[in-house]
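sequence and predicted structure below; questions after.
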Amino acid sequence: MLPDGVRLFHIRHGETDWNAEARLQGQLDIPINARGRGQAIANGERLAARLWDEGMPPEALAYVSSPLGRSRETMALVRAVLGLDGCAATDDRLKEVAFGAWSGHTYAELSAAGERKRVAERKRDKWSFRPPGGETYADLADRIGAWLETVEGDTLAVSHGGVHRVLYGHLCGTPWHEVPGLPAPQDRVFVFADGAVEDF
């Protein structure tokens, strides 16, 4: 889905307190914590070293992030390491999958509040399950697919765990039913190109 030879660098936003608590964030605007800022800076250093080794100036990349604050702050820290000023572009399509009424809760809290059956249903089929007022992973994949059609050159995107997972389906051919269970680390830089992915 990317043009031949074009690379998509992807970084998940740094850790938030809600990540540490296994609390569903979805599209709520939760800031990164101290550990998350350290992850963002370290990812910037990894990317800077990679670009240096390639002889590629940071300005040669396009930069875009989710508009949610945790992604924008991560992007700003990465760009600062790269010696770049200002904010990157944002795109609403890069937002995390929406959890609707479940946002802000842990699965244990939801189960205790009478949602045990639906929590179990989601664990069985994360791809197709829609939380009340939220999105399915299939919905997320649709909007990320539309966004990928706009990528024309080497690009760094900073966004979310759900986005990271569906990129594997679109760009590596991972079966869609496996996508929601893929890991989405916050301390690595990933590069998608020509149907494959590497991380550093």
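Great, that's in hand.

by residue count, tell me the biggest helix in the chain.
Longest helix in the chain, counting residues (DSSP state H): helix 34-54.

buried stuff in that helix?
Arg35, Gly36, Arg37, Gln39, Ala40, Ile41, Ala42, Asn43, Gly44, Arg46, Leu47, Leu51 (16 or more other Cβ atoms under 10 Å). Any C-beta I mention is one placed from the backbone N, CA and C, and that applies to glycine too.

next secondary structure after it?
Downstream of helix 34-54, the first helix or strand assigned by DSSP states H and E is strand 62-65.

can you tell me the strand partners of that following strand and which way each runs?
strand 89-90 (parallel), strand 155-159 (parallel) (DSSP bridges).

tell me the helix or strand right after it.
Strand 62-65 is succeeded, C-terminally, by helix 69-81 (DSSP H and E).

touching that following helix from outside, list them.
Here helix 69-81 makes contact (Cβ atoms under 8 Å, 6 or more residues apart in numbering) with 11, 13-14, 16, 25, 29-32, 36-37, 39-41, 43-45, 47-48, 58, 63, 65-66, 85-88, 90, 94, 156, 158-160.

do you know how far the residue nearest to Thr16 when sequence neighbours are not counted is from Glu178?
Excluding the flanking residues, the one nearest Thr16 by Cβ to Cβ, 6 or more residues apart in numbering is Ile30, at 4.6 Å. Separation of Ile30 from Glu178 (Cβ to Cβ, to the nearest Å) stands at 27 Å.

ok, the two, which is more surrounded?
Ile30 (19 against 12; other Cβ atoms under 10 Å).

tell me the confidence at the more buried one?
As predicted, Ile30 sits at a pLDDT of 97.

nearest residue to the residue nearest to the spatial centre of the chain in space, please, no chain neighbours.
Taking Cα atoms, centre = their mean, the centroid of the chain lies closest to His160, which sits 2.3 Å from it. Sequence neighbours aside, Glu96 is the residue nearest to His160 in space, at 3.7 Å (criterion: Cβ to Cβ, 6+ apart).

helix, strand or coil for that neighbour?
Of the three states, Glu96 takes coil under DSSP: H, G, I helix; E, B strand; the rest coil.

correct me, but it touches Ser66?
Yes - contact criterion Cβ atoms under 8 Å: Glu96 and Ser66 qualify, at 7.1 Å.

between the two, what contacts are shared?
Shared contacts of Glu96 and Ser66, defined by Cβ under 8 Å, 6+ apart, comprise Ser159, His160, Val163.

residues contacting Thr174?
Tyr168, Leu182.

am I right that it sits in a strand?
No - assigned with three-state DSSP, Thr174 falls outside any strand and is coil.

gap between it and Met1?
When Thr174 is compared with Met1 (using Cβ to Cβ), they lie 13 Å apart.

equivalent analysis for Ala62, please.
To Met1, Ala62 is 16 Å away according to Cβ to Cβ.
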